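>>> structure here, sequence nowhere to be found:
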Ligand code: NAP
């Protein structure tokens with residue numbers, strides 16, 4: 001199903017605009033519900049939108065990995081939550097309306113557009129009902145021993161069920177057991193952290209980068225994230241069901257001349273690890289440049305710092321920003337961008353440059369502010385420049 005071209009929220013004087021989720025393409029990952037600031041989205045079997053609460057803020061649209069959430073319709077009477085809970089697909093009258101309003105959404109999600117040269121991504125090969133069975137082959141800590149952050153690189157092998165993916169895609173995992181409401185846990189999405197031919201080339205494996213989430217509640221009790229702790233504690237030989245792959249736009253250009261500017265924090269580096277390994281394996285002498293601006297609290301907290309040292313600065317330029325460094329300057333990625341302004345400008349102006357942002361929610365804002373400052377002195381309007389890159393499939397964001 002393609003997405004609506006008219007602005008969300010707009011409606012004629014005789015109709016009501018309604019935001020709906022397509023149950024057929026929804027993978028029930030819970031991303032939309034967790035992002036909805038007005039609590040308009042909830043789920044039983046289906047994810048549904050309360051027409052009385054949805055204010056079309058669009059906060060759920062970009063993170064949705066399949067585009068199932070990206071549907072708006074002009075209706076004489078809105079569908080109730082009870083109607084939506086019963087659907088197995090969007091009602092046919094909506095399908096007709098969508099078809100008459102929409103354009104091609106093959107390569108875009110939440111308004112994002114894939115690089116023109118990107119390989120065709122395999123999609124939705126395994127569902128919650130029919131997952132791929134993977135066996136853990138290793139689970140290694142990739143942050144320093146003394147770091148507060150426990151980040152793991154977990155490698156999975158697919159012996160029985162081949163699992164294809166390409167760099168930049170994500171996969172779903174479902175923690176075992178039931179949630180507090182007695183329902184199966186919602187699916188969690190993680191970016192693949194290796195190239196399409198696997199951690200070890202052609203060994204039929206795949207890796208994910210997982211950060212153990214632990215926090216203290218209002219009563220100062222320790223609370224442990226269900227999925228992240230389950231994954232971080234997996235041992236070799238454990239079986240895990242994997243769903244997907246998902247993602248049609250945050251992809252690597254299949255072009256060795258493409259220049260990549262990659263900006264990330266923490267485990268947001270996962271897809272860029274796949275990008276860098278792919279480029280190194282395919283085109284060790286590629287003309288295109290790779291530049292990574294990477295933020296963490298300290299050097300010890302920076303995932304994959306050992307692996308990064310395998311690359312020379314000439315083959316893979318890295319600029320690290322540490323926000324809680326014990327000595328030296330405390331910086332965020334946006335500060336690092338400002339310090340590298342000449343190189344950033346040079347890179348962005350290259351005709352085949354691509355920019356990627358991956359990591360924490362809020363990251364894009366700080367990056368925009370830095371790039372507005374960097375480009376202004378050179379007579380460039382960053383927001384207009386970004387918009388041109390975006391339309392050309394050269395600007396990509398994935399934040400959680
Ligand atoms: P983290 O270690 O908590 O933080 C990394 C650094 O980012 C810290 O230095 C932090 O500074 C800084 N930071 C915080 N807010 C920022 C902002 N608005 N702009 C710039 N820097 C900021 O990072 P993390 O927990 O690993 O987070 C990574 C994010 O990537 C998560 O949201 C995760 O969901 C997402 N992600 C994960 C994957 C995956 O496959 N695992 C894939 C894609 C994206 P402070 O000193 O202020 O804390």
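Everything's here; your move. Owing to the predicted nature of the structure, the values given are computational and were not obtained by experimental measurement.

>>> got the contact list for the residue of the stretch 251-400 of the chain found nearest the ligand?
The ligand sits closest to residue 266 of the stretch 251-400 of the chain, with a gap of 2.0 Å, by CB to the nearest ligand atom. Heads up, the C-betas are built off the backbone N, CA and C, glycines and all. Going by CB atoms under 8 Å, 6 or more residues apart in numbering, residue 266 touches 149, 151, 211, 295, 296, 301, 303, 359, 360.

>>> quick one, phi psi at it?
Residue 266 adopts backbone torsions of phi 50, psi -130, taken as degrees, to the nearest 10.

>>> ok, it to residue 92 distance?
Using CB to CB, to the nearest Å, residue 266 is found at 45 Å from residue 92.

>>> ok so, going back, which of the contacts of residue 266 count as buried?
The neighbour-count criterion (16 or more other CB atoms under 10 Å) marks 149, 151, 211, 295, 296, 301, 303, 359 among the contacts of residue 266 as buried.

>>> of the residues you listed, which are in range of the ligand?
Contacts with the ligand within those, as defined by CB under 6 Å from any ligand atom: 149, 211, 295, 296, 301, 359.

>>> reformat the residues you listed as CSV; add pLDDT and secondary structure.
What follows is those, written out as CSV (pLDDT from 0 to 100; DSSP: H, G, I helix; E, B strand; the rest coil):
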residue, pLDDT, secondary structure
149, 94, coil
211, 97, strand
295, 97, strand
296, 97, strand
301, 96, coil
359, 93, strand
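
>>> from those, pick the one nearest residue 73.
Minimum distance to residue 73 across those is 33.7 Å, recorded for residue 359 (CB to CB).

>>> thought that closest one was touching residue 271?
No. Using CB atoms under 8 Å, residue 359 makes no contact with residue 271, being 10.4 Å away.

>>> which stretches in the chain count as helices?
For the chain, the helices defined by DSSP state H cover 31-35, 81-86, 92-101, 226-232, 270-282, 305-308, 333-339, 341-349, 363-376, 382-391.

>>> deepest of those, which one?
Ranked by mean neighbour count, the helices of the chain are led by helix 270-282 with a mean of 22 (mean count of other CB atoms under 10 Å).

>>> residue 249 reaches residue 67, doesn't it?
No. Assessed by CB under 8 Å, residue 249 is found out of contact with residue 67, at 9.8 Å.

>>> can you list the residues of this protein near the ligand?
Residues of the chain lying near the ligand by CB under 6 Å from any ligand atom: 149, 190-191, 209, 211, 265-268, 270, 295-297, 301, 323-324, 332-333, 358-360, 362-363, 366, 398, 400.

>>> ok, 5 Å please
190-191, 209, 211, 265-268, 270, 295-297, 323-324, 332, 358-360, 362-363, 366, 400 (CB under 5 Å from any ligand atom).

>>> pLDDT score for the nearest residue to residue 32 once chain neighbours are set aside?
Closest residue in space to residue 32, ignoring its immediate chain neighbours: residue 60 at 3.9 Å, by CB to CB, 6 or more residues apart in numbering. Looking at residue 60, its pLDDT stands at 86.

>>> residues contacting residue 15?
Residue 15 neighbours (CB under 8 Å, 6+ apart): 74, 75, 76.

>>> kindly tell me how buried the closest residue to residue 177 other than its chain neighbours is, as a neighbour count.
With sequence-adjacent residues excluded and distances taken as CB to CB, 6+ apart, residue 177 is closest to residue 185, at 6.7 Å. By the measure other CB atoms under 10 Å, the count of residues near residue 185 is 16.

>>> ok, of the contacts of residue 15, which come out buried?
Buried subset of the contacts of residue 15 (neighbour count, 16+ other CB under 10 Å): 74, 75.

>>> and of the contacts of residue 15, the nearest to residue 113?
Of the contacts of residue 15, the one sitting nearest to residue 113 (CB to CB) turns out to be residue 74, at 25.7 Å.

>>> so that closest one makes contact with residue 19?
No. Between residue 74 and residue 19 there is no contact under CB under 8 Å: 11.5 Å.

>>> distance check, residue 305 against residue 144.
Distance of residue 305 to residue 144, given as CB to CB: 8 Å.

>>> please enumerate the shared neighbours of those two.
Shared contacts of residue 305 and residue 144, defined by CB under 8 Å, 6+ apart, are found at residue 299.

>>> residue contacts, the closest residue to residue 391 other than its chain neighbours?
Ranked by CB to CB, 6+ apart and with sequence neighbours excluded, the top spatial neighbour of residue 391 is residue 113, at 6.9 Å. Neighbour list for residue 113: 107, 249, 390, 391, 392, 393 [criterion: CB under 8 Å, 6+ apart].
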